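Sequence first, predicted coordinates after that:
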Amino acid sequence: MRKILFVFAVIVCALIFAQGIGETKTKKNEDAGKNDKEYWCKKGGGLRKQLDSAKADIEKKEKHIAELHESAAKETGAARKNIANKMKKEKTEVAVIRKKQKQAQIKLDDLEEKAHRKGVPPGWLRCQFE
């Protein structure tokens, strides 16, 4: 019985040790990936896509608000109030999108600063490789 428990304890210790080595290698591989072009391109490209998407959404919503404003001028009573409510909703959505846009810009600025500190060429963040 003692022999079985001893063998079991050795196996468990070996598995725990092997797992720790695997985690260390994984972390080293992740750190190594932070110095290649694809890593920086993916990070910078994703944030730029968020900014472009937010900008397009804001333009679309502001155009829709302008259209609603024009149609509200032609209406009276309940129809006008309904259009005013739609405009208010659109303006609220624009504010939310602007907030997300601002957060994405802050993240991009932080990423650019981090890349600069690590000596990463600025083109890598824009996916411009030589």
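Yes, it's here. These numbers were taken from a predicted model, which means no experiment stands behind them.

CA only for contacts and neighbour counts going forward, please
Fine.

State the next helix or strand along the chain beyond the longest helix along the chain.
Ranked by residue count and defined by DSSP state H, the top helix of the chain is helix 77-117. Proceeding N to C from helix 77-117, the next assigned helix or strand is helix 122-125, under DSSP states H and E.

For Lys43, give me its contacts.
Lys43 is in contact with Leu125, counting by CA atoms under 8 Å, 6 or more residues apart in numbering.

any idea how far it is from Pro122?
Here Lys43 is placed at a distance of 12 Å from Pro122 (CA to CA, to the nearest Å).

Ok, Arg80 next?
51 Å.

Name the residues of the helix or strand hosting Lys63 that are buried.
Assigned by DSSP H and E, Lys63 belongs to helix 37-74. Judged by neighbour count (16 or more other CA atoms under 10 Å), helix 37-74 contains these buried residues: 37-41, 43-45, 47-48, 50-51, 54, 57-58, 61-62, 64-65, 68-69, 72.

mean confidence score for that helix?
For helix 37-74, mean pLDDT is 94.

go on, stretch 115-122?
Stretch 115-122 comes out at a mean pLDDT of 91.
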